[in-house]
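Q: Here is my input; please provide its structure:
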Amino acid sequence: MRLPTAKRRSFLKAAGVCVALPTLESWPKAAAAETTTPPRRMVCVGNEFGMYGEAFWPKAFGADYETTTLLQPLAAHRSDLTLFSHLDHGHKGGHFAVHTFLTGVKAAEAKAMPEGGISLDQRAAEFVGSRTRFPSLTIGSADGLHGGCQMSWTRTGTRVPPVSGPRELFRALFVEDNADAKRKAVDRIQLQGSILDAVLGDARSLKKRVNVADGRKVDEYLSSVRAVETKLDLDRHWLKIAKPKTKMSEPENRGLAPDLPAIYDLVALALQTDSTRVATLEIGGSFAASDIGIRKGYHGLSHHGKDEDNIKLLVQIELYQMEQFARFLDKLKSIHEPNSDGTLLDNTMAMLGSGMGNANSHTNNDLPIILAGGGFRHGEHKQHPKDSNKRIPLCNLYASMLQRFGVETDSFSTGTGTLTGLEWA
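A: This next block holds a predicted model:
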């Protein structure tokens, strides 16, 4: 028998866990309150192998920095973006530390953190809650080196599974399930809810019989159950609401490299239709260089050994990625917000970067970070301390982004506060 929602919430509090489930019945009122002010959005784009430094980093700082080879595609958006030097998480580990890009913390150390190993995008998604059909969208592949890019993580240390291609993303955003599929979905939600109630009952009974240390483990388990309960309520709510329409035709999956334009277009549509306000794009080792006419592999070229021919090919791959990001910014800037003088870019923080600083030497410092849009005052290459004892954590930038997003926080993960010198326009 399924317990009423109110009783299940009281039960979780009695078990020592504060469960702040979204009040889904109030969602229409919350949405209505936002109609006069465009919502904030966040898009995080990361690749697995970083950027070739000599083609990426300008030598000058401030507003008069030179446009490098890899920044050339973004020249038209110079006033819309900021480039940050010498920001990172202070980690070592090469490819294995790449996965800390949006979390700031290694998985083995996450349990000691107040918010676990949650990534920037998922922290923002928690704030959005049920106000959009998808609290967040993660697009990428589980394939590639060490399991792919792996950027999005829940606070319980679970990787958010990515949507694998533009066709699947299109169907999730715009294709309605038929009546039979919807009935099956309702049955699935009810069954999972009943199982969840039974699990909660067992966990409560167990906690009464264990010591303090094991009790903490049960609390961690209940935190995971909380996420499942939230997801069920979200599914139940949005199952009754029709998906938006689009004139875009359903795309085919051709491979990550040729699919990037369609993926970016779909992300822009998802933001425009308020299907989501948080999106993450993982560009991992499944990015096949052969799909853009390069016969050597992306990973192999990232370990160029300072060979000029390999470097030229690597820069071509990275230039293609920068061109597609620039095209995405073009798209966002071309979409005007309803009841506003601004554009979608004005209200979307679009960050491009990597958890890898130098793939050739497997180092994770001096991460390539670009932040565009979002209502910040842009137009500079910002210089931060290079000395190891004076370094500024990348998570300070993330705290500033979360504040701009609307999250009431003074810090994020391993950060020491917000990033000084980054101002709102």
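Q: switch to C-alpha atoms for all contacts and neighbour counts from now on
A: Fine.
Q: The helix or strand L83 falls within pairs with which strands?
A: Using DSSP states H and E, L83 maps to strand 81-84. Strand 81-84 sits in its sheet next to strand 369-373 (antiparallel), strand 381-382 (parallel), going by DSSP bridges.
Q: could I get those as a markdown table with mean pLDDT?
A: As requested, those are arranged in a markdown table below (pLDDT from 0 to 100):
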| stretch | mean pLDDT |
| --- | --- |
| strand 369-373 | 98 |
| strand 381-382 | 98 |
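Q: So which of those strands has the densest surroundings on average?
A: Of all the strands paired with strand 81-84, strand 369-373 carries the top mean neighbour count, a mean of 22, counting by mean count of other CA atoms under 10 Å.
Q: returning to what we had before: of the strands paired with strand 81-84, give the one that comes closest to T103.
A: Each of those has some distance to T103 by CA to CA; the shortest is strand 369-373, at 14.6 Å.
Q: outside of the closest one, which residues touch it?
A: The set of residues external to strand 369-373 that reach it, using CA atoms under 8 Å, 6 or more residues apart in numbering, is 80-85, 87, 345-354, 378.
Q: same thing but 6 Å
A: 80-84, 345-346, 348-353 (CA atoms under 6 Å, 6 or more residues apart in numbering).
Q: returning to what we had before: out of the strands paired with strand 81-84, flag the one nearest M42.
A: M42 sits nearest to strand 369-373 of all the strands paired with strand 81-84, at 9.6 Å, using CA to CA.
Q: can I get the CA coordinates of that closest one in PDB?
A: The C-alpha atoms that make up strand 369-373 are tabulated as PDB, following Å, rounded to 0.1, in the frame of the first residue of the first chain:
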ATOM      1  CA  ILE A 369      38.300  28.400 -19.300                       C
ATOM      2  CA  ILE A 370      36.000  30.700 -21.300                       C
ATOM      3  CA  LEU A 371      32.700  32.200 -19.900                       C
ATOM      4  CA  ALA A 372      30.300  33.900 -22.300                       C
ATOM      5  CA  GLY A 373      27.000  35.700 -21.700                       C
END
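Q: contacting residues around the strand holding L83?
A: For strand 81-84, the external contacting residues (CA under 6 Å, 6+ apart) are I369, I370, L371, A372, H378, G379, E380, H381, K382.
Q: can you give me the strands for the stretch 251-400 of the chain?
A: Listed from the start of the chain, the stretch 251-400 of the chain has strands (DSSP state E, counting those that start in this stretch) covering 278-283, 348-354, 369-373, 381-382, 392-393.
Q: quick one on the thing from earlier: nearest to N339, of the contacts of strand 369-373?
A: Relative to N339, the closest of the contacts of strand 369-373 is D346; by CA to CA it sits at 13.7 Å.
Q: The closest one: neighbour count?
A: Counted by other CA atoms under 10 Å, the residues lying close to D346 total 24.
Q: Same question for the one 10 residues further on.
A: Around M356 there are 32 other residues, counting by other CA under 10 Å.
Q: Over to P251?
A: Per other CA under 10 Å, the neighbour tally for P251 reads 17.
Q: so where is the stretch 1-150 of the chain shaky, pLDDT-wise?
A: Within the stretch 1-150 of the chain, the ranges that satisfy pLDDT under 70 run 1-35, 142-148.
Q: how about the helices of it, start to end?
A: Per DSSP state H, counting those that start in this stretch, the stretch 1-150 of the chain has helices spanning 5-14, 27-33, 53-56, 120-128. These are given in chain order.
Q: got the CA positions of the last one in CSV?
A: Right, helix 120-128. Provided in CSV are the C-alpha atoms of helix 120-128 (Å, rounded to 0.1, in the frame of the first residue of the first chain):
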residue,chain,number,x,y,z
LEU,A,120,28.3,22.7,-10.9
ASP,A,121,25.5,21.9,-13.4
GLN,A,122,23.7,19.5,-11.0
ARG,A,123,23.9,22.1,-8.2
ALA,A,124,22.2,24.5,-10.6
ALA,A,125,19.7,21.8,-11.6
GLU,A,126,18.7,21.3,-7.9
PHE,A,127,17.8,25.0,-7.8
VAL,A,128,15.7,24.7,-10.9
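Q: how about it: buried residues?
A: Judged by neighbour count (16 or more other CA atoms under 10 Å), helix 120-128 contains these buried residues: L120, D121, Q122, R123, A124, A125, F127, V128.
Q: domains of this structure?
A: Taking automatic domain parsing as the reference, the chain has its domains at 1-22+177-242, 34-175+251-405.
Q: from the ones you listed, which stretch is densest packed?
A: For the domains of the chain, average neighbour numbers computed from mean count of other CA under 10 Å are highest in domain 34-175+251-405, which has a mean of 20.
Q: tell me the SS of the residue nearest to C395 when sequence neighbours are not counted?
A: With CA to CA, 6 or more residues apart in numbering as the criterion, C395 has its nearest non-adjacent residue at 4.6 Å, and that residue is G415. Following DSSP: H, G, I helix; E, B strand; the rest coil, G415 is assigned to coil.
Q: per-residue confidence for G415?
A: G415 is assigned 96 on the pLDDT scale.
Q: before we move on, what about A425?
A: pLDDT at A425 comes out at 85.
Q: doesn't R377 make contact with it?
A: Yes. Taking contact to mean CA atoms under 6 Å, the distance of 4.5 Å between A425 and R377 places them in contact.
Q: check contacts around F376.
A: Residues near F376 by CA under 6 Å, 6+ apart: E423, W424, A425.
Q: Could you check how far it is from N347?
A: Distance, F376 to N347, using CA to CA, to the nearest Å: 9 Å.
Q: How about R295?
A: Using CA to CA, R295 is found at 39 Å from N347.
Q: same question, S290
A: 36 Å.
Q: what's the answer for I370, then?
A: I370 sits at a distance of 16 Å from N347 (criterion: CA to CA).
Q: Spatially, and excluding backbone neighbours, which residue is closest to F376.
A: Once flanking residues are discounted, F376 sits nearest to W424: 4.1 Å by CA to CA, 6+ apart.
Q: Pop out the phi and psi values for that neighbour.
A: According to degrees, to the nearest 10, the main-chain angles of W424 amount to phi -80, psi 140.
Q: That one against S400, yeah?
A: No. W424 is beyond contact range of S400, at 9.8 Å (criterion: CA under 6 Å).
Q: Please report the distance of H91 from D366.
A: Between H91 and D366 the distance is 11 Å, computed by CA to CA.
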